[in-house]
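Engineer: I would like the atomic coordinates for the input below:
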Amino acid sequence: MYTKNQSMRELIDKRKVLIAAHRGTSGGNVVQNTSLAYKNALLHGADMIEVDAIMTTDGVFYAFHNGEEDLELGIDRDIREMSSSEVEELHTLNCMRKVCEQKLEHLEEVLERFRGKCLINIDRSWFYWKEIIALLERMDMKEQLLLKSGVEEQLLQELEESGSDLMYMPIMKTMEDWELVKKYNINVAAAELIFTDLDSDFLKPEFMKELKDAGIAPWVNAITLNDVDILSGLLDDNNAIKNGFDESWGRLMELGFEIIQTDWPALLKEYRNNKFNNK
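Structural biologist: Modelled structure (predicted):
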């Protein structure tokens, strides 16, 4: 029987820190946001996979991050403005920019493939909020799914009005975001905290305690998107590799984060397990 948030909380209690794999684990001829990348992430030790979601003009959901069309598909079009028949004709490019056999996959098929295998974070779906909530409800996988979005009043209101108890994670950049989230009767199971420096109010022990007392898992994006955007006060993947895991991932754990998203799950898993003597 589904018990709200139980599966994620039990896993946090067991592992201390959960590892979320950014778009799966890709490289070589394994393309991001494909089942092969998600399976690869689990083989590398991830506890959770991040699945981006887009919807075509005729209402079909695919696992894909809009904005990556040129990189992943070699086209100069917004996939959200394409029909499913057009999408079905596309082939992906691997990391060497070579065409490969992997194609974009229906979101429902991806979710079904990983039913009962891991936690799944649904990202980039807020453009079609009502439709994605309805789809995830139909899938009947609430113990696995963590839906997220930026903090926008309309999205919070629609989630509340849906009556859904899906696990939800707001992407918060300011304390004002947190105050807004608290006004709604929704199942906030985790909170993604974005901070550019280590003086952020999010990192104060009393705020971390407030989240955890409410049963909300603090999430941090340790991924290094580029050399400009800062998501975790430079306590990120690149600095972990360059300066040592203690100086990046270790500090995030000590600050109280219970979920860390990374592009290098195998490295983070080994470090986490050694730090907490996990088996």
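
Engineer: now the helices for the stretch 1-150 of the chain?
Structural biologist: If you assign secondary structure with DSSP state H, counting those that start in this stretch, the helices in the stretch 1-150 of the chain sit at 6-15, 35-43, 69-73, 84-88, 107-113, 129-139.

Engineer: Kindly reformat these as CSV and extend each row with mean neighbour count and distance to residue 263.
Structural biologist: Just so you know, the C-beta spots here come from the backbone N, C-alpha and C atoms, and that holds for glycine as well. Shown next, in CSV, are those (neighbours: other CB atoms under 10 Å; distance: least, CB to CB, whole Å):
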stretch, mean neighbour count, distance to residue 263
helix 6-15, 15, 19
helix 35-43, 20, 10
helix 69-73, 17, 15
helix 84-88, 15, 26
helix 107-113, 17, 19
helix 129-139, 17, 25
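
Engineer: To residue 220, which of those lies closest?
Structural biologist: Of all those, helix 6-15 sits nearest to residue 220, with 13.8 Å by CB to CB.

Engineer: Average pLDDT for that closest one, rounded please.
Structural biologist: Per-residue confidence for helix 6-15 averages out to 95 on the pLDDT scale.

Engineer: helices and strands around it, which ones?
Structural biologist: If contacts are counted by 3 or more CB pairs under 8 Å, 6 or more residues apart in numbering; DSSP states H and E, helix 6-15 sits against strand 18-21, strand 119-123, strand 217-221.

Engineer: looking at the ones you listed, which is closest to residue 154?
Structural biologist: When these are ranked by proximity to residue 154 (CB to CB), strand 119-123 comes first, at 18.1 Å.

Engineer: For that closest one, the averaged confidence score.
Structural biologist: 98.

Engineer: ditto for stretch 107-115
Structural biologist: The average of the pLDDT scores along stretch 107-115 is 98.

Engineer: Show me the contact partners of it.
Structural biologist: Residues external to stretch 107-115 that are found in contact with it (CB atoms under 8 Å, 6 or more residues apart in numbering): 35, 38, 49, 51, 53, 61-63, 120, 135, 139, 141, 144-145.

Engineer: can you put the residues you listed in JSON lines and add distance to residue 71?
Structural biologist: JSON lines is the format used below for the contacts of stretch 107-115 (distance: CB to CB, whole Å):
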{"residue": "35", "distance to residue 71": "19"}
{"residue": "38", "distance to residue 71": "18"}
{"residue": "49", "distance to residue 71": "20"}
{"residue": "51", "distance to residue 71": "18"}
{"residue": "53", "distance to residue 71": "18"}
{"residue": "61", "distance to residue 71": "20"}
{"residue": "62", "distance to residue 71": "16"}
{"residue": "63", "distance to residue 71": "15"}
{"residue": "120", "distance to residue 71": "23"}
{"residue": "135", "distance to residue 71": "26"}
{"residue": "139", "distance to residue 71": "28"}
{"residue": "141", "distance to residue 71": "29"}
{"residue": "144", "distance to residue 71": "28"}
{"residue": "145", "distance to residue 71": "27"}
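
Engineer: Many thanks, I have nothing further to ask.
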